[in-house]
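S.K.: need a 3D model of the following:
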Amino acid sequence: DAVAVRFGGGDELRQALAQMGASVTQSVISATVQIFATILVSVIVRAEFIGEPISLGEALSLVARRFLALVGCTILVGMISIVGLLACVLPYFLVLWRLSVAPLVCAVEGRGPIESLGRSFDLTRGSFLRWAAIVIVSAFLLGPLSGIVGGATQIGVRAAALEHLAMPGTLFNAVLWAAATLFLALATAASAAITTAYYFDCRVRHEGLDLAERLAEITGQRSVLDDADAAPAAGSTA
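M.R.: Got it, this is the predicted structure:
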């Protein structure tokens with residue numbers, strides 16, 4: 001109230017601040033859910049990749065145990081990305097590339113946030129063209145899913161839709177919410193699967209993961225995938 005009186009905003013200022021607070025809260029909740037869902041799908045996809053499927057409950061338990069570390073890792077990636085964006089466009093894309101698998105490393109290898117950043121930086125070296133190709137293809141595949149919902153939430157588009165559809169605002173919001181949920185789920189699942197495939201590709205190329213896993217299977221030793229501290233195998237381009 002004191003701020004509102006001082007700046008002469010009155011109710012309008014309070015309303016603007018309330019809307020800003022609601023927007024920030026919504027963004028935080030959305031980002032948190034997105035992190036959780038993406039890593040959850042990644043864990044399930046990873047299990048399928050290594051031929052050891054896990055149940056949804058087991059995947060939820062794993063992600064829940066690592067959730068605080070995942071949030072910390074994602075915050076660090078976001079902060080470094082902002083610094084890169086402020087510096088120049090090129091450093092921004094460099095950060096996005098080199099830290100692209102950090103959250104996944106944090107979840108599936110059980111590493112801390114800072115260690116996950118370093119691990120991602122190491123795994124992604126020499127893979128820029130592959131990463132860029134993945135990003136471009138993903139944008140074409142997943143862009144329409146988020147674009148449809150994003151466009152429908154614009155005030156002008158929403159007003160035009162309500163006018164031509166002769167649909168109550170409440171019903172339109174319900175349909176939009178359902179569509180947004182469906183499209184976001186599809187985009188999240190696809191993005192997580194793509195990121196997981198890229199992560200394993202990096203490990204195969206730099207650590208010979210496929211050869212190490214094959215050897216572990218033949219000799220009956222512990223899988224490298226189950227040991228975050230396991231020494232990397234010899235390099236492989238398989």
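S.K.: which elements pack onto the host helix or strand of Leu176?
M.R.: Element membership for Leu176 (DSSP states H and E) is helix 169-207. Identification of packing neighbours for helix 169-207 by 3 or more CB pairs under 8 Å, 6 or more residues apart in numbering; DSSP states H and E yields helix 10-49, helix 102-108, helix 113-123, helix 128-152, helix 155-165, helix 209-219. C-beta: built from backbone N, CA, C; applies to glycine.
S.K.: report the rounded mean pLDDT for it.
M.R.: For helix 169-207, the mean per-residue pLDDT is 78.
S.K.: can you tell me the closest non-neighbouring residue to Ser116?
M.R.: In this structure, Ser116 finds its nearest non-sequential neighbour in Cys106, 4.0 Å apart by CB to CB, 6 or more residues apart in numbering.
S.K.: how close does that neighbour get to Ile114?
M.R.: 10 Å (CB to CB, to the nearest Å).
S.K.: and these two? Which one has more around it.
M.R.: Cys106 (28 against 13; other CB atoms under 10 Å).
S.K.: which residues touch that one?
M.R.: By CB atoms under 8 Å, 6 or more residues apart in numbering, Cys106 lies in contact with 66, 69-70, 73, 112-113, 116.
S.K.: ok, of these, which come out buried?
M.R.: Among the contacts of Cys106, those classed as buried by 16 or more other CB atoms under 10 Å are 66, 69-70, 73, 113, 116.
S.K.: Leu94 and Gly208, how far apart?
M.R.: 26 Å.
S.K.: between those two, which is the more surrounded one?
M.R.: Using other CB under 10 Å, the more surrounded residue of Leu94 and Gly208 is Gly208, with 20 against 15.
S.K.: quick check: phi and psi on that one?
M.R.: Gly208 adopts backbone torsions of phi 60, psi 40, taken as degrees, to the nearest 10.
S.K.: surely Pro113 and Leu76 touch.
M.R.: Yes: contact criterion CB atoms under 8 Å: Pro113 and Leu76 qualify, at 5.5 Å.
S.K.: which non-adjacent residue is nearest Phe36?
M.R.: Take Phe36 and drop its neighbours on the chain: the residue closest to it by CB to CB, 6+ apart is Val63, 6.2 Å away.
S.K.: was I right about the one you found contacting Val43?
M.R.: Yes: with contact defined as CB under 8 Å, Val63 reaches Val43; the gap is 6.2 Å.
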